[in-house]
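> Pasted the sequence and its predicted model underneath.
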There are 2 protein chains.
Amino acid sequence: MKKIINDPSQVVNDMLKGMSSAHPDLLERLPESNVIHRIAETPDKVGLVSGGGSGHEPSHAGFVGQGMLSAAVCGEVFTSPTPDQILTAIKASDNGQGVFLIIKNYTGDVMNFEMAQEFAEAEGIQTAAIVVDDDIAIEDSTFTAGKRGVAGTVLMHKIMGYYADQGKSLSELSEIAEQVNANLNTIGLALTAATVPEVGKPGFDIADDEFEFGIGIHGEPGYRREKIKSSHDMAAELVQQLKKTFDWQAGDEYAVLVNSMGGTPQMELYIFWNDVQALLAEDGLKIKWVKVDELMTSLEMQGASLTLLHLDHTDWLTALQAPVDVLAW
Amino acid sequence: MKKIINDPSQVVNDMLKGMSSAHPDLLERLPESNVIHRIAETPDKVGLVSGGGSGHEPSHAGFVGQGMLSAAVCGEVFTSPTPDQILTAIKASDNGQGVFLIIKNYTGDVMNFEMAQEFAEAEGIQTAAIVVDDDIAIEDSTFTAGKRGVAGTVLMHKIMGYYADQGKSLSELSEIAEQVNANLNTIGLALTAATVPEVGKPGFDIADDEFEFGIGIHGEPGYRREKIKSSHDMAAELVQQLKKTFDWQAGDEYAVLVNSMGGTPQMELYIFWNDVQALLAEDGLKIKWVKVDELMTSLEMQGASLTLLHLDHTDWLTALQAPVDVLAW
């Protein structure tokens, strides 16, 4: 295992020490916790909390700050954070208007966030939550009942961050989040496997000339393995799957995220996007917003995911475009 | 070779098509060229141009926009752009006040940028240039006389972008750039090699348990290969080399960039920074500004570089902190 780390059991702790010391004006690590909390809290607004296992950086701590999250809870690598850590984040993010939780669909996350919600309600803090399940590759995966939550979650952070800043209530945020989630789909592919530091070897074996459609961000199996093919052909498969799901019509408006799984160079992301955009243009879609970036990773895994958000409400575009002050948007 | 690409000879062309189509409000690809030019030009100010071989994304096109570069010239992978391409960028960036060029020290780049300067002067466009040579790892490398220009170049973009926006003249910019370059040093390490698409195999061999200090961003040999060691020990070596070069004193003020070579996950960058900051604190340095990011890469190479800028002038900090509108800062 080749990594720039010290004790493999301390990678999350060491990372959080680094993150908080690098950006003291923007964020703080709450004492005796793995919670990254923003310095500049918006008073009298609903707080926004997300989180999950580490290893998906910049998700989620990279989105803590003005216009996006109030706090991110960082579990061990690929491991759900505990309910007490989530509760710590909720308590730090409540300003009397309650806290909205953005959860990726992953069975451990859903259980622990729900338990933390119960603890918070018992302490008099109102909460609501969305479980993002944007991954159309697989239903009922290794660690998840239903569809997994993946890169689309970051678009949920952005849109909910905007509406929270606009002063929307907990119940209004819930309603918007359900609408966004219903219009949000992602599908990905992987060329290589990631190595969890404490495990010390890749999460799965894949030949030097193979890639796999639909591999999860924890290395869960996808739906088809093939010999390596062109970016165009990879894009055609992903676009075809998204088209089946959305059942889109010419003229429909979409936002697009092309996301690196961690180890894929930016050059390849833009080549891939170039193939995607040609396919979407053939179908007459109107692409109103594009991001090509590394937002929801799986450590050093090489691969990419494609997220489309059907812009069913025109102000979602405003929400995506609004300026923020976070590390990684 | 596992990459998300189409024809290996077309990777730069395909990338630039993707980049310009993804961000039409921010940048344009100039017709029949590999030049990325910003949409919103500042009138009546010195233009700023940088560039070099591709494969170092987001350098340099990711820094085109308000507050940083006017244009970036994108050569083939690890290959200097031609003088006529550089001239195209210069002509597009001149607003009557001349054009300042930021060149990484690499013999091909220096030659071709200088030739383009001569062509531009012949057409009546005033130019000046800085050759950034921040890499202290190696003197006289495979493709470079003197020290190489590496990740510190991005800090040069940022600072010069600020001063150009402030309306500094070509000669004032030259003077500032020389001062910045004299206070800017970088040293890096690599764990794996990058594969140039048209070559199809890694640029060098390195064992599964080895890493190398000082490898260049084109895979040029470094100064020592060792068995993989802890982040702390890697950081100690790089900080020691920088200390020898800067000869710093307690209380000196620095800006720091921890840069990924492309394939290194953000988790490892923050762990590495955490070790670096402890070492710098031991020496009593005042770290006024920190960036931990992927700014000057070598395709999918795993590794990191550490750049320190001695903040010899207090307004360099202001320049680093000033807001910009570019893709990758």
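Alright, I've got the coordinates.

> from here on, contacts and neighbour counts on C-alpha atoms
Will do.

> Is the residue in the stretch 1-150 of chain A positioned nearest to chain B in a helix, a strand, or coil?
Of all residues in the stretch 1-150 of chain A, A:Gly18 sits closest to chain B, with a separation of 4.2 Å (C-alpha to the nearest C-alpha). Here A:Gly18 is recorded as helix under DSSP: H, G, I helix; E, B strand; the rest coil.

> now swap in A:Thr318 and tell me
With three-state DSSP as the basis, the three-state label of A:Thr318 is helix.

> I'd like the distance between it and A:Phe143.
A:Thr318 sits 35 Å away from A:Phe143, going by C-alpha to C-alpha, to the nearest Å.

> ok, now A:Met115?
18 Å.

> cool, A:Ala129 as well?
Using C-alpha to C-alpha, one gets 20 Å for the distance from A:Ala129 to A:Phe143.

> So which of those two has more stuff around it?
A:Ala129 (23 against 14; other C-alpha atoms under 10 Å in any protein chain shown).

> Can you tell me the SS state at the nearest residue to A:Asn95 once chain neighbours are set aside?
Using C-alpha to C-alpha, 6 or more residues apart in numbering or on different chains and skipping residues adjacent in sequence, the residue nearest A:Asn95 is A:Asp44, 5.6 Å away. Reducing the assignment at A:Asp44 to three states with three-state DSSP gives coil.

> just checking, what packs against the lowest-mean-pLDDT helix or strand in chain A?
Taking mean pLDDT, DSSP states H and E as the measure, chain A has strand A:139-141 as its least confident helix or strand, at a mean of 84. Using 3 or more C-alpha pairs under 8 Å, 6 or more residues apart in numbering or on different chains; DSSP states H and E as the contact criterion, the elements in contact with strand A:139-141 are strand A:144-147.

> For the strand it packs on, give me every contacting residue.
Contacts to strand A:144-147, defined as C-alpha atoms under 8 Å, 6 or more residues apart in numbering or on different chains, come from residues A:Asn105, A:Tyr106, A:Thr107, A:Asp133, A:Asp134, A:Asp135, A:Ile136, A:Ala137, A:Ile138, A:Glu139, A:Asp140, A:Ser141.

> Am I right that A:Ser50 sits in a strand?
Yes - when the secondary structure is assigned by three-state DSSP, A:Ser50 falls within a strand.

> Pull the residues that contact stretch A:150-166.
Stretch A:150-166 is contacted by residues A:42, A:45-48, A:59, A:63, A:67-69, A:102-104, A:132-135, A:173, A:176-177, A:180-181, A:184-186, A:217, A:257, A:259, A:295-296, A:305, A:307-308, A:316, A:319-320, A:322 when judged by C-alpha under 8 Å, 6+ apart.

> can you give me the strands in chain A?
A:27-29, A:35-38, A:47-54, A:71-77, A:99-104, A:127-132, A:139-141, A:144-147, A:184-190, A:210-213, A:224-227, A:253-260, A:286-293, A:303-310 (DSSP state E).

> Run the contact check for the first one versus chain B.
Pointing back at strand A:27-29 there. No - using C-alpha under 8 Å from any C-alpha of the partner chain, no contact is recorded between strand A:27-29 and chain B, whose separation bottoms out at 13.4 Å.

> and the stretch 151-300 of chain A, which residues reach chain B?
Where proximity means C-alpha under 8 Å from any C-alpha, the interface of the stretch 151-300 of chain A facing chain B comprises A:191, A:208-209, A:228, A:230-232, A:262-274, A:290-292, A:299-300.

> Which members of these are positioned in helices?
Members of those lying in helices (criterion: DSSP state H): A:Ser231, A:His232, A:Gln266, A:Met267, A:Glu268, A:Leu269, A:Tyr270, A:Ile271, A:Phe272, A:Trp273, A:Asn274.
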